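Chemist: model the structure of this input:
(chains A, B and C)
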Amino acid sequence: MSVETKYVEIKTQPWGRMTDITDEVAEKLRQTGLKCGTVTIFIPGATGALSTVEFEPGLEKDVPKALERLIPRDLRYYHHDTWHDDNGPGHVKATILGPDLTVPFLGGKLVLGTWQQIVFIECDTTERERKIVLQFMGQ
Amino acid sequence: MSVETKYVEIKTQPWGRMTDITDEVAEKLRQTGLKCGTVTIFIPGATGALSTVEFEPGLEKDVPKALERLIPRDLRYYHHDTWHDDNGPGHVKATILGPDLTVPFLGGKLVLGTWQQIVFIECDTTERERKIVLQFMGQ
Amino acid sequence: MSVETKYVEIKTQPWGRMTDITDEVAEKLRQTGLKCGTVTIFIPGATGALSTVEFEPGLEKDVPKALERLIPRDLRYYHHDTWHDDNGPGHVKATILGPDLTVPFLGGKLVLGTWQQIVFIECDTTERERKIVLQFMGQ
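Modeler: A predicted model of the protein is given here:
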């Protein structure tokens, strides 16, 4: 059993838009040489989230739209009183979605469904450069 | 430390209904012989989710009802333009809930609360047969 | 590689209020002596949740308020028919948020963002004493 740390660096689009990082995670797994275990994918930052989705143009629009409907930008956010910024809804979205995702791997492959991709969800209100941590544990 | 992979196969009911898989996960843990570690429970597929709940008849209705209220089936989903199907809301629910759950175990037992069960949440719009992956890591 | 189990005990405030447990988790990590791995933070109980947030007075109000707006206390919950209690919305919130959080650590430090804290979210309707499980795995 060992632990291997890798990173994925991406440029994101704001307001709940998703970036597919599946290929990067699979490539980093290949580099570790590990065959069986888990990878914990984590965003160090309070306005991003990790999940999975069937990454296709329809859902690329549906997910941000649903997040906006549930946590609308035009409500009052007390966070804005603290910092005089505008990303209160982004913080709330990220807390609900969560900053972590743990995916098993077997035979050196991520155990994803055929139509399931790993995505970073940018909840902030401007585009960002993100460095996502991958903690591989296994043998 | 070692890694052991097991599976739980279930038949599900659609539209956010939950299946209690606690006994199956506990039995698979027993089979591994591991005493202390974590199990990552993961659904390979983009319309299912894992979480915990007090699994009783009231919440069996309340959770699907809340998911339907938050992500209603009668809104427009761009996903339907891509595939001409009807499970856009199911995809959005699953992305928000997340496909993974990691539960610690100690002394060969899952560290759940007395009134807390591990559930698979079927977000798809038809009943499905699901093969859930359990990645046990520990000693 | 080894597994080390620790606990954080806190007193919470109800209705979605958050408790920052970052310092406690960092101190327990220090006590393990582990340098590289993951910690799975888990609440044994069906009305609590774990996530991260920028823990500041604005978001301390925004997150509970958003949860109340999404899962309002004044709707009908079938859970109340089962037990004649009032925490149906708390159960639904906790199932959507999830009882687990896995955070990587490196060089003996949690890989959090500068403005990102680990929080327990109390979804129940009365204040509670909570014993959160920390399962550290690494080397």
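Chemist: tell me the average confidence for the top helix by length along chain A?
Modeler: Using DSSP state H to define each element, chain A has its longest helix at helix A:57-70. Per-residue pLDDT values over helix A:57-70 give a mean of 98.
Chemist: what does chain A have sitting close to chain B?
Modeler: Contact residues (CB under 8 Å from any CB of the partner chain) of chain A with chain B: A:1, A:36-38, A:51-54, A:56-63, A:66-67, A:70, A:96-98, A:101-104, A:106, A:111-113, A:115-117, A:119, A:137-139. In this view, the C-beta of every residue, glycine as well, is placed from N, C-alpha and C.
Chemist: can you flag which of these belong to strands?
Modeler: Among these, DSSP state E puts A:37-38, A:51-53, A:101-104, A:106, A:117, A:119, A:137-138 in strands.
Chemist: show the pLDDT at A:G90.
Modeler: On pLDDT, A:G90 comes in at 98.
Chemist: which stretches of chain A have low pLDDT?
Modeler: Applying pLDDT under 70 to chain A flags no residue at all.
Chemist: which residue sits farthest out from the middle of it?
Modeler: A:D81 (27.3 Å; CA atoms, centre = their mean).
Chemist: count of neighbours near the residue lying closest to A:G45 once chain neighbours are set aside?
Modeler: Excluding the flanking residues, the one nearest A:G45 by CB to CB, 6 or more residues apart in numbering or on different chains is C:G113, at 3.9 Å. By the measure other CB atoms under 10 Å in any protein chain shown, the count of residues near C:G113 is 16.
Chemist: touching, A:V8 and A:A26? I think so.
Modeler: No - using CB atoms under 8 Å, A:V8 is not in contact with A:A26, being 10.7 Å away.
Chemist: name the residues contacting each of the two.
Modeler: Here A:V8 and A:A26 have no joint contacts, going by CB atoms under 8 Å, 6 or more residues apart in numbering or on different chains.
Chemist: picking up where we left off before, can I have the buried ones of the ones in strands among the residues of chain A next to chain B as a PyMOL selection?
Modeler: In PyMOL syntax, the buried subset of these is picked out as below (16 or more other CB atoms under 10 Å in any protein chain shown):
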select buried, chain A and resi 37+38+51+52+53+101+102+103+104+117+119+137+138
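Chemist: which one of the ones in strands among the residues of chain A next to chain B is nearest chain C?
Modeler: Closest approach between these and chain C, by CB to the nearest CB: A:T102, at 5.4 Å.
Chemist: measure that closest one to A:Q139 for me?
Modeler: Computed as CB to CB, to the nearest Å, the A:T102 to A:Q139 distance reads 17 Å.
Chemist: next: A:A66.
Modeler: Taking CB to CB, one finds A:A66 at 39 Å from A:Q139.
Chemist: so which bits of stretch A:10-19 are buried?
Modeler: The neighbour-count check on stretch A:10-19 (16+ other CB under 10 Å) flags A:T12, A:P14, A:W15, A:G16, A:R17, A:M18, A:T19 as buried.
Chemist: that one: end-to-end distance?
Modeler: Length of stretch A:10-19, first residue to last, CA to CA, to the nearest Å: 8 Å.
Chemist: what of stretch A:22-41?
Modeler: Terminal residues of stretch A:22-41 are spaced 11 Å apart (CA to CA).
Chemist: mind listing what's buried along it?
Modeler: For stretch A:22-41, a neighbour-count test (16+ other CB under 10 Å) marks A:22, A:24-26, A:28-29, A:32, A:34, A:36-41 as buried.
Chemist: what is the nearest of those residues to chain C?
Modeler: Nearest to chain C out of these is A:T40 (CB to the nearest CB; 4.9 Å).
Chemist: tell me which element A:A94 is part of?
Modeler: helix A:88-97 (DSSP states H and E).
Chemist: ok, and what's touching that helix?
Modeler: Helix A:88-97 is contacted by residues A:14-16, A:46-51, A:67-68, A:70-73, A:75, A:77-80, A:121, A:123-125, B:96, B:98, C:51-54, C:58-59, C:62-63, C:66-67, C:96-97, C:119 when judged by CB under 8 Å, 6+ apart.
Chemist: which positions in stretch A:48-66 come out as buried?
Modeler: Buried residues in stretch A:48-66, counted by 16+ other CB under 10 Å: A:48-56, A:58-66.
Chemist: ditto for stretch A:81-94
Modeler: By neighbour count with 16+ other CB under 10 Å, stretch A:81-94 contains the buried residues A:T82, A:N87, A:G88, A:P89, A:G90, A:H91, A:V92, A:K93, A:A94.
Chemist: need phi/psi at A:F42.
Modeler: Dihedral angles of A:F42 (phi, psi; degrees, to the nearest 10) stand at phi -140, psi 140.
Chemist: one more: A:C36?
Modeler: Main-chain dihedrals, A:C36, degrees, to the nearest 10: phi -140, psi 120.
Chemist: my guess is it meets B:T5, correct?
Modeler: Yes - here A:C36 lies in contact with B:T5, judged by CB under 8 Å, at a distance of 6.9 Å.
Chemist: hey, what's in contact with both of those two?
Modeler: A:L106.
Chemist: ok so, going back, now do the helix holding A:A94 against helix C:88-97, angle only.
Modeler: Orientation of helix A:88-97 against helix C:88-97 (axes from the mean of the first three to the mean of the last three CA atoms, to 10 degrees) gives an angle of 90 degrees.
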